[in-house]
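Engineer: Structure for this input, please:
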Amino acid sequence: MQMRQVGRPVSTYYADLRAIWQELDYRKPITLAQPDVKQAHQKEIDEECVYIFLAGLDHLYDHVRKPFLNPENAFAVVRSEEQRRNTMLHSQVTPRVAMATKTALTQNRSFPSKNQGGSESGCSHCGNPKHTIDNCFKLHRYPDWWDNLNE
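Structural biologist: Numbers count the residues shown, from 1 in each chain. Next up, the predicted model:
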């Protein structure tokens, strides 16, 4: 299993990530007794999963960046974008229409992020375009599992 899309369909990449996340849930279940604390911890885990999913996408999905509530929501939006792209690529288009589409896509590559203090195209702290300052590991601490994923 890979932590990056690397040209694979979004659904295959997401399924691989889900398998890893499920294995982590199995090996390290949330054992907090208070429901509100447990729910807050699960929300943090979901945010990290969304970050990992978006960070591993191929660059052609760089413009699909916005705050997502959970990994399933992020997957649905990116999967929809993949289907739209596939439909556009497989339909017959005249060169003039194709050029207009390409120009429109390259001129509108990024959408506003939830980053309130800096650039709309990524992290204002470290400059990485794949996340916002809200999710910057360099600023907010790398998670415990980070070193294991990069081995």
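Engineer: for the record, mean pLDDT for stretch 76-83?
Structural biologist: In this model, stretch 76-83 has a mean pLDDT of 91.
Engineer: Return that stretch as CSV; C-alpha atoms alone will do.
Structural biologist: Below are the C-alpha coordinates for stretch 76-83, written out as CSV (Å, rounded to 0.1, in the frame of the first residue of the first chain):
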residue,chain,number,x,y,z
ALA,A,76,-16.4,12.4,-2.3
VAL,A,77,-15.4,15.8,-3.6
VAL,A,78,-12.1,14.5,-5.1
ARG,A,79,-13.8,11.5,-6.6
SER,A,80,-16.4,13.8,-8.2
GLU,A,81,-13.5,15.9,-9.6
GLU,A,82,-11.8,12.8,-11.0
GLN,A,83,-15.1,11.7,-12.7
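Engineer: Distance from the chain centre to that stretch, please.
Structural biologist: 12 Å (Cα atoms, centre = their mean, to the nearest Å).
Engineer: what about Asn128, how many residues close to it?
Structural biologist: Here the number of neighbours of Asn128 (other Cβ atoms under 10 Å) works out to 15. No exception for glycine: its C-beta is placed from N, CA and C like everyone else's.
Engineer: Spatially central residue for this structure, please.
Structural biologist: With distances taken as Cα atoms, centre = their mean, Leu54 lies nearest the centre of the chain, 1.4 Å away.
Engineer: can I assume that residue is in contact with Thr132?
Structural biologist: No - when contacts are counted by Cβ atoms under 8 Å, Leu54 is not listed as touching Thr132 (10.2 Å).
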